[in-house]
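J.: Sequence plus the predicted model coming up.
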Amino acid sequence: MQPPLRIRISWPAGHLTATLDDTPTTQALAQELPLVSTARTWGEEVYFDTGVSVSRETDARQVVEPGTVTFWTDGDALALPYGPTPISQGEECRLASPCNVLGRIDGDPGLLATVRGGDPVRVELVDA
């Protein structure tokens, strides 16, 4: 059994790590790491282009828990919700459309509140 894949996401004001499940999308993303992109925000969600293009998986979800690492197939982007978005009902994390679920942020997803639109973001594998 393969150990879980861990990634580090860094931006000027901080960084966090995430543990990803072994999914087709995770495998495609891992092939492209490290990558550097530009952060965009949408309510309490950070997302950024990855240059990876994959299909929507059968278990894709639109409403997820804060800190879920998701892949927005419509935008080829990693989407990291930590609170409500403009289309949320109440406090839920509602994504723009169903996204592939990759894993979870380790620790407090609220750190993502320090990401500003336009920030450079780096995603890299964490050595086990």
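T.: Perfect, I can see it now. Numbering: from 1, shown residues only.
J.: For the protein, just list every one of the helices.
T.: Under the criterion DSSP state H, the chain contains helices at 24-32.
J.: could you point out the longest strand in it?
T.: Taking residue count as the measure and DSSP state E as the definition, the longest strand of the chain comes out as strand 93-105.
J.: for that one, packing partners?
T.: strand 14-20, helix 24-32, strand 61-64, strand 68-72, strand 77-81 (3 or more Cβ pairs under 8 Å, 6 or more residues apart in numbering; DSSP states H and E). Heads up, the C-betas are built off the backbone N, CA and C, glycines and all.
J.: Mind listing the strands that strand pairs with, and their directions?
T.: Using DSSP bridges, the strands paired with strand 93-105 in its sheet are strand 14-20 (antiparallel), strand 61-64 (antiparallel), strand 68-72 (antiparallel).
J.: Need the contact partners of the first one.
T.: Translated: strand 14-20. With contacts defined as Cβ atoms under 8 Å, 6 or more residues apart in numbering, strand 14-20 is touched by 4-9, 26, 29, 69, 102-109, 111-112, 114, 126.
J.: what about the residue nearest to E91 when sequence neighbours are not counted, neighbour count?
T.: What sits nearest to E91 in space, not counting adjacent residues and going by Cβ to Cβ, 6 or more residues apart in numbering, is P84, at 5.8 Å. Residues near P84, counting by other Cβ atoms under 10 Å, number 17.
J.: Enumerate every residue touching P84.
T.: 43-44, 90-94.
J.: again with E57
T.: Contacts here follow Cβ under 8 Å, 6+ apart; on that basis E57 touches 23-25, 100-101.
J.: And those, which of them are buried?
T.: In terms of neighbour count (16 or more other Cβ atoms under 10 Å), the buried residues within the contacts of E57 are 23, 25, 100-101.
J.: Quick check: V101 touching A60?
T.: Yes: contact criterion Cβ atoms under 8 Å: V101 and A60 qualify, at 7.1 Å.
J.: show me where pLDDT drops low in this structure?
T.: By pLDDT under 70, the weakly predicted segments of the chain are 1-2, 128.
J.: what's near enough to touch the residue lying closest to C99 once chain neighbours are set aside?
T.: Closest residue in space to C99, ignoring its immediate chain neighbours: T70 at 3.8 Å, by Cβ to Cβ, 6+ apart. Contact criterion Cβ under 8 Å, 6+ apart gives 61, 64, 78-81, 95, 99-102 as the residues in contact with T70.
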